[in-house]
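Trainee: this is a predicted model, with the sequence first.
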Amino acid sequence: MFKSIQWKIIAIFLLLTVSVMIVTGTFLLQNISAYYYNDFSDSLTNQVFNSDFTEELENAAKGANSKDTIMELLGAYSIRMGIDSFRNYYLLDSSLNILGSSTKASGTIEGTPNLLLALTGSVGTTVDKNAEYMDYAFPIKIDKTTKYIVYISDTKEEINDVLGNMFINIFWALLFGLLLSAILGFFLSRTIIAPISSLQSRSEALAEGDFGRKLEVRSRDEIGRLTVAFNNMAARINGSMEEIQTEKNKIEAILLHMTDAVAAYDNSGNLIHINPAGEALLNEYKNETFDNLFERLEANISLYRILYIDPTETIERDIEFNNKTLKAFFAPFNTERSLAAGVVVVFHDRTHQQMLDNSRREFVANVSHELRTPLTTIKSYAETISDMAQDIDNESPIRSFIKVIENEADRMTRLVKDLLTLSQFDSNKREIKREKFNLAKLITNIVEKMSINAKSTSHRIKLSIDMKSEDYFGEPDAIEQVLTNIISNSIKYTHNGGKIDVVCHSDFENITITVKDNGIGIPENDLARIFERFYRVDKARSRQSGGTGLGLAIAKEIITRHSGTIEIFSPEQKGTLVKITLPLFEKVTNH
């Protein structure tokens, strides 16, 4: 109860009242006591012991019966001195013996600071606030020697009574003030607490999802403005929640009707969401943790790698599961503070597509194989006809027809050969025949051979080799086929007189081969598809130069089977850079 704002406000009022009363009471008591102390010495100095009375006392001290005369003078001035039951006067000699007093006292008075000062001839007017008395000592001097001392002593009972009564009045005023403050604080706090309580109950309803009811604005002060702001906030939250719910419904509808299986796992690997397609696909394995599931599927993936090693990448894996060919996409998702929250997995069923691809590859392989014999026949007959037509005039169209037949037969033969090579790669019948050979020497021979062909177009081919070890473990014929194709492309797509740089260097892990030209380059939109089969950037020029559109696809297959990478960088109209990276120590695998 005492932790509520209402009681805190009442406590503040009470503490404020106590503080004001203490400060005010202390100020009044201090000032009243100071007034009494100052008035005691000032009134005696100014109203009693003035110059006239002082002269009378000195004259009386010089005359006969000086003691009696002085006592008569003191009695005459007793009213001015304020003599009463609390304040008395005494006539003392230089030894502080009482010669007369207003109380008929006798004996000796103990020396006080003011009396000691009067014995030296000075008036003792000091008031000690901590002493139990107030006193005033006036010396009567004859020939600059103190003969008598008029000593006035006050017991402070009057001032103590006044201060005591005032303290009692202040205490009762304090009690009344506390009561009044408690009452005022209670009613004032009620006016503040009521709208705050409404805000509290409305906030609780808001937390439970009730966004419809608005609070009534009863004032234009800070509480009223807070209520308006709260209503606006509730309206905005309601709108945001509706948008979120709409988006949630959309996502749920999408996931529900997706043909692809979707599963989400938290950062501990536990399943947190799966759509119906995912339940049908994983079936009894759906409740397994992420690492256990994909270890069973032999996907070579771990949750740690996705979340912490490659957190910005979408990882793909090909999976064979329940006689299905699946393409799995792994994408991490984060919390609002960019902390790893989990991973979403999308399974795309490629079984039908894989069957079509296999059928297409088998068809291409069969057609290519069947075309070899007729192409050989056509080539043979074309050469025979060409030999038989030696006597025909060179200007005759028959010779050009025969030449066209021979060229087209050669181009089709190359195309069939490339198709058979790719078919062998696809069916894993083409193995990389690994052996140790001098790569530097191989590249040198290739460049020398291609330089002869480049002379006809005035191309300059420059070779630079910087290798820690010139030996490489791979298939020399396959590497030669790749480099020949790349350099040949540079010659084809570089204007006459162009420059081609071939650079080969190695470190302790990789061999890097780059072929750079200053030719026409490749448009940015075509770079992503440059390794696709039959894809040509400039189709007319490719056909004119006898290209099949399969050279780079074969090159990529060969480099991949050497566990390497091939990349192409080409700002359009600024030349092309082909970069091949081959590992030194990783064994080549056949796929």
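Mentor: Noted; the coordinates are in hand.
Trainee: for Ile461, give its distance to Thr17.
Mentor: For Ile461, the distance to Thr17 equals 102 Å [Cβ to Cβ, to the nearest Å]. The C-beta positions use only the backbone N, C-alpha and C, and glycine is treated the same way.
Trainee: outline the domain layout of the chain.
Mentor: Taking automatic domain parsing as the criterion, the chain consists of the domains 6-161, 261-345, 354-426, 435-583.
Trainee: got a markdown table for those, with mean pLDDT, distance to Leu199 and mean neighbour count too?
Mentor: Shown next, in a markdown table, are these (pLDDT from 0 to 100; distance: least, Cβ to Cβ, whole Å; neighbours: other Cβ atoms under 10 Å):
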| stretch | mean pLDDT | distance to Leu199 | mean neighbour count |
| --- | --- | --- | --- |
| domain 6-161 | 84 | 15 | 16 |
| domain 261-345 | 85 | 27 | 15 |
| domain 354-426 | 71 | 63 | 14 |
| domain 435-583 | 84 | 58 | 17 |
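Trainee: quick one: which of those is nearest Phe176?
Mentor: Smallest distance to Phe176 across the domains of the chain (Cβ to Cβ): 9.6 Å, for domain 6-161.
Trainee: that's a strand at Gly100, yeah?
Mentor: Yes. Judged by DSSP: H, G, I helix; E, B strand; the rest coil, Gly100 forms part of a strand.
Trainee: check which helices and strands the helix or strand containing Lys579 sits against.
Mentor: Using DSSP states H and E, the element containing Lys579 is strand 576-583. With contacts taken as 3 or more Cβ pairs under 8 Å, 6 or more residues apart in numbering; DSSP states H and E, strand 576-583 sits against helix 476-492, strand 510-517, strand 565-569.
Trainee: what's the angle from the second one to strand 576-583?
Mentor: Pointing back at strand 510-517 there. 170 degrees (axes from the mean of the first three to the mean of the last three Cα atoms, to 10 degrees).
Trainee: scan this structure for its longest helix.
Mentor: helix 157-207 (DSSP state H).
Trainee: next SSE after that helix?
Mentor: Heading C-terminal from helix 157-207 (DSSP H and E), you reach helix 222-257.
Trainee: for that following helix, packing partners?
Mentor: In terms of contacts (3+ Cβ pairs under 8 Å, 6+ apart), helix 222-257 is packed against helix 157-207.
Trainee: re the thing from before, need the domains of the chain in TSV (columns: distance to Ala234).
Mentor: Formatted as TSV, the domains of the chain follow (distance: least, Cβ to Cβ, whole Å):
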stretch	distance to Ala234
domain 6-161	25
domain 261-345	22
domain 354-426	55
domain 435-583	50
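Trainee: so which of those gets nearest Thr227?
Mentor: When those are compared (using Cβ to Cβ), the closest one is domain 6-161, at 18.5 Å.
Trainee: distance from the closest one to the middle of the chain?
Mentor: 78 Å (Cα atoms, centre = their mean, to the nearest Å).
Trainee: spatially central residue for this protein, please.
Mentor: Arg337 (6.4 Å; Cα atoms, centre = their mean).
Trainee: OK, contacts around the residue lying farthest from the centre of the chain?
Mentor: The C-alpha centroid of the chain is most remote from Ala64, which lies 105.0 Å away (Cα atoms, centre = their mean). The contact partners of Ala64, taken as Cβ atoms under 8 Å, 6 or more residues apart in numbering, number zero.
Trainee: could I get the phi/psi values of it?
Mentor: phi -70, psi 150 (degrees, to the nearest 10).
Trainee: same check on the one 4 residues further on?
Mentor: Geometry field for Asp68 lists phi and psi as phi -60, psi -40, criterion degrees, to the nearest 10.
Trainee: Ala61 versus that one, what's the distance?
Mentor: Asp68 is 12 Å from Ala61, by Cβ to Cβ.
Trainee: check Lys403 too.
Mentor: Lys403 sits 165 Å away from Ala61, going by Cβ to Cβ.
Trainee: same check on Ala234?
Mentor: Counting by Cβ to Cβ - Ala234 and Ala61 are separated by 97 Å.
Trainee: which helix or strand contains Pro139?
Mentor: Going by DSSP H and E, Pro139 is part of strand 134-142.
Trainee: now do the helix or strand following that strand: everything it contacts.
Mentor: Sequence order places strand 145-154 as the next helix or strand after strand 134-142, per DSSP H and E. Strand 145-154 is contacted from outside by 40, 44, 49, 57, 61, 66-67, 70, 74, 81, 86-94, 96, 99, 109, 114-115, 118-121, 133-141, using Cβ under 8 Å, 6+ apart.
Trainee: got the angle between strand 145-154 and strand 134-142?
Mentor: Using the same axes, to 10 degrees: strand 145-154 against strand 134-142 is 160 degrees.
Trainee: parallel or antiparallel, which strands does strand 145-154 pair with?
Mentor: strand 87-93 (antiparallel), strand 134-142 (antiparallel) (DSSP bridges).
Trainee: can you show me the CA trace of it as PDB?
Mentor: The C-alpha trace of strand 145-154 is given here as PDB (Å, rounded to 0.1, in the frame of the first residue of the first chain):
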ATOM      1  CA  THR A 145      40.200  53.400  39.300                       C
ATOM      2  CA  THR A 146      37.200  51.200  39.700                       C
ATOM      3  CA  LYS A 147      35.700  51.800  43.200                       C
ATOM      4  CA  TYR A 148      32.200  50.300  42.700                       C
ATOM      5  CA  ILE A 149      30.500  48.000  40.200                       C
ATOM      6  CA  VAL A 150      26.800  48.100  39.400                       C
ATOM      7  CA  TYR A 151      26.100  44.500  38.500                       C
ATOM      8  CA  ILE A 152      22.700  43.500  37.000                       C
ATOM      9  CA  SER A 153      21.900  39.700  36.700                       C
ATOM     10  CA  ASP A 154      19.000  38.100  34.900                       C
END
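Trainee: neighbouring contacts of stretch 449-462?
Mentor: Taking Cβ under 8 Å, 6+ apart as the rule, stretch 449-462 contacts 447, 484, 487-488, 491, 494, 496-502.
Trainee: run the last query once more with 10 Å
Mentor: 446-448, 463, 480, 483-484, 486-488, 490-492, 494-503, 515-517, 519 (Cβ atoms under 10 Å, 6 or more residues apart in numbering).
Trainee: right, and Phe86 touches Glu158 too?
Mentor: Yes. Here Phe86 reaches Glu158: they are 5.0 Å apart, a contact under Cβ atoms under 10 Å.
Trainee: centre of the chain to stretch 522-533, how far?
Mentor: Distance, centroid of stretch 522-533 to centroid of chain: 40 Å (Cα atoms, centre = their mean).
Trainee: and that stretch, end to end?
Mentor: Distance across stretch 522-533, first residue to last, is 16 Å (Cα to Cα, to the nearest Å).
Trainee: and if you look at stretch 294-307?
Mentor: 15 Å.
Trainee: what separates it from the chain centre, distance-wise?
Mentor: 30 Å.
Trainee: show me the contact partners of that stretch.
Mentor: Here stretch 294-307 has contacts from 265-269, 282, 285, 288-291, 293, 308-309, 311, 313-321, 326, 328, 330-334, 339-343, 345, 347, using Cβ under 10 Å, 6+ apart.
Trainee: make CSV from the strands paired with strand 145-154 and add distance to Glu435 to it.
Mentor: Below are the strands paired with strand 145-154 laid out as CSV (distance: least, Cβ to Cβ, whole Å):
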stretch, distance to Glu435
strand 87-93, 133
strand 134-142, 125
